[in-house]
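Enquirer: Sequence unavailable; structure follows:
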Ligand code: SF4
Ligand code: FES
């Protein structure tokens, strides 16, 4: 059994350096510790200036995503014991601009989430007096998987298409759009399709499939996008065969 | 969308890493993906080859013999063998991906992936058998 393990942590202090450097820290090895525990140890005991994000410590808030030995991971769900004897390289999430140390800039992602209109769209709202929109368990099951997303952006860090072209809307946002499309209470599919059938939308995806493998919540964004493509293609085909069918 | 950027306006420089041209060489899964993309070139090559064959056929026995002659050269054999491997790779990965794009639900349960992929393989075998019967037996 080893007593300590070394972390190589990416540091970037924009007022001091123009490029990130790595700093080595030796932390106690504890088999119950996750990478985030080690970072907290560093911050508490070794260097209080280390910057990173976290909150829930239980895979729910989605703020602790980082690259661990080159793979995007939730650091609160990634055990040190997996990387024995080390060293463990911790870097900020790939493909996002780095603000400081391990913290990335996520405005781009936030804007993209919003752009897919992730809310229930109704052609006509029912008056309150008619009660709520009911849904059966089967209808819920249809989209439930896609609704488990915690917005951790790990799928973006896994996606080379996003890395090469930042205009690509990306896995989580597209899966979220599909989540609402599949919701029996929603009527906004057409409205979303106009935006998402553009090049930066579903057709930007070349089905590398890494987003699904990396997702800590089993959301399967790659599957969502392919289902979306199939849907868009059939819609296009229908409107081509029956131009009078759609408005 | 501009307005939401304001809070970062006075922030010191961000660091943006350039994506290397060789990003696909760094990770096996990315490399496999590139191989798959590349495989479409070989699929296209087979289509073109068949068009050439048909063309030669319409030109009469001599030009058909000429193309057969070319097909026997070691170069053509190697090329076709490599293309066959890539085409197989392309086909199999394609079939295995179908369940992801088409979740079929029966009675509220999602069908297991293999049940959706299997018909592709069956169709593949059946069609290949028919073609083989035409070419060899018929
Ligand atoms: S789809 Fe998965 S990897 Fe992507 S942001 Fe959501 S939870 Fe994270
Ligand atoms: S700290 Fe909340 S998901 Fe890791």
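Expert: Structure's in. What do you need? Bear in mind the structure is a predicted one, so any value in this text is a computation, not a measurement. Ligands and ions are numbered 1, 2, ... in the order given.
Enquirer: all contacts plus neighbour counts: C-alpha atoms, from now on.
Expert: Fine.
Enquirer: Distance check, the residue positioned nearest the centre of chain A against residue A:110.
Expert: By Cα atoms, centre = their mean, the mean C-alpha position of chain A lies nearest to residue A:153, the distance being 2.7 Å. Per Cα to Cα, to the nearest Å, residue A:153 is found 10 Å from residue A:110.
Enquirer: residues in contact with residue B:17?
Expert: Contacts for residue B:17 (Cα atoms under 8 Å, 6 or more residues apart in numbering or on different chains) come out as A:95, A:97.
Enquirer: Ramachandran coordinates for it?
Expert: Backbone torsions of residue B:17, given as degrees, to the nearest 10, read phi -80, psi 140.
Enquirer: what about residue B:32, helix or strand, and which?
Expert: Per DSSP states H and E, residue B:32 falls inside helix B:28-58.
Enquirer: what packs against that helix?
Expert: Packing contacts for helix B:28-58, counted by 3 or more Cα pairs under 8 Å, 6 or more residues apart in numbering or on different chains; DSSP states H and E, involve helix B:61-71, helix B:74-101.
Enquirer: quick check, distance from that helix to the centre of its chain.
Expert: The chain centre lies 8 Å from the centre of helix B:28-58; the measure is Cα atoms, centre = their mean, to the nearest Å.
Enquirer: cool, stretch A:37-53 as well?
Expert: Computed by Cα atoms, centre = their mean, the separation of stretch A:37-53 from the middle of its chain amounts to 24 Å.
Enquirer: what's the answer for stretch A:218-230, then?
Expert: 14 Å.
Enquirer: who's in contact with the one helix or strand in chain B whose mean pLDDT sits lowest?
Expert: Least confident helix or strand of chain B, by mean pLDDT, DSSP states H and E, is strand B:105-106 with a mean of 70. With contacts defined as Cα under 8 Å, 6+ apart, strand B:105-106 is touched by residue B:111.
Enquirer: What strands line up against it, and which way round?
Expert: Sheet pairing of strand B:105-106 (DSSP bridges) gives strand B:109-110 (antiparallel).
Enquirer: Can you name the element that comes right after the strand it pairs with?
Expert: For strand B:109-110, the following helix or strand on the C-terminal side (DSSP H and E) is helix B:113-132.
Enquirer: how about the nearest residue to residue B:64, chain neighbours excluded?
Expert: Excluding the flanking residues, the one nearest residue B:64 by Cα to Cα, 6 or more residues apart in numbering or on different chains is residue B:56, at 4.9 Å.
Enquirer: Residue A:159 is nearest to which of the helices and strands packed on helix B:28-58?
Expert: With Cα to Cα as the criterion, residue A:159 lies closest to helix B:74-101 of the helices and strands packed on helix B:28-58, at 17.4 Å.
Enquirer: Distance from the chain centre to that closest one, please.
Expert: Helix B:74-101 sits 6 Å away from the centroid of its parent chain (Cα atoms, centre = their mean).
Enquirer: Look at residue A:49 and say how many residues are nearby.
Expert: Neighbour count for residue A:49, taken as other Cα atoms under 10 Å in any protein chain shown: 12.
Enquirer: SS state for it?
Expert: Under DSSP: H, G, I helix; E, B strand; the rest coil, the three-state class of residue A:49 is coil.
Enquirer: surely it meets residue A:39?
Expert: No. Using Cα atoms under 8 Å, residue A:49 is not in contact with residue A:39; the gap is 11.3 Å.
Enquirer: where does chain B have low pLDDT?
Expert: Applying pLDDT under 70 to chain B picks out residues B:1-12, B:107-108, B:138.
Enquirer: And the helices in chain A, which stretches?
Expert: Assigned by DSSP state H, chain A shows helices spanning A:35-41, A:107-115, A:137-144, A:154-158, A:160-164, A:171-181, A:189-196, A:210-214, A:221-241.
Enquirer: I'd assumed residue B:36 was in contact with residue B:24.
Expert: No. Counting by Cα under 8 Å, residue B:24 does not reach residue B:36; the two are 12.0 Å apart.
Enquirer: of those two, who's got more company?
Expert: The neighbour comparison of residue B:24 against residue B:36 (other Cα under 10 Å) goes to residue B:36, with 19 against 16.
Enquirer: residues contacting the closest residue to the more buried one other than its chain neighbours?
Expert: Nearest-residue entry for residue B:36: residue B:90, 6.0 Å, with adjacent residues in sequence omitted and distances by Cα to Cα, 6+ apart. Residues in contact with residue B:90 (Cα under 8 Å, 6+ apart) are B:36, B:39-40.
Enquirer: how about TSV for the residues you listed, with distance to residue B:117 added?
Expert: Listed next are the contacts of residue B:90 as TSV, based on distance: Cα to Cα, whole Å:
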residue	distance to residue B:117
B:36	18
B:39	20
B:40	20
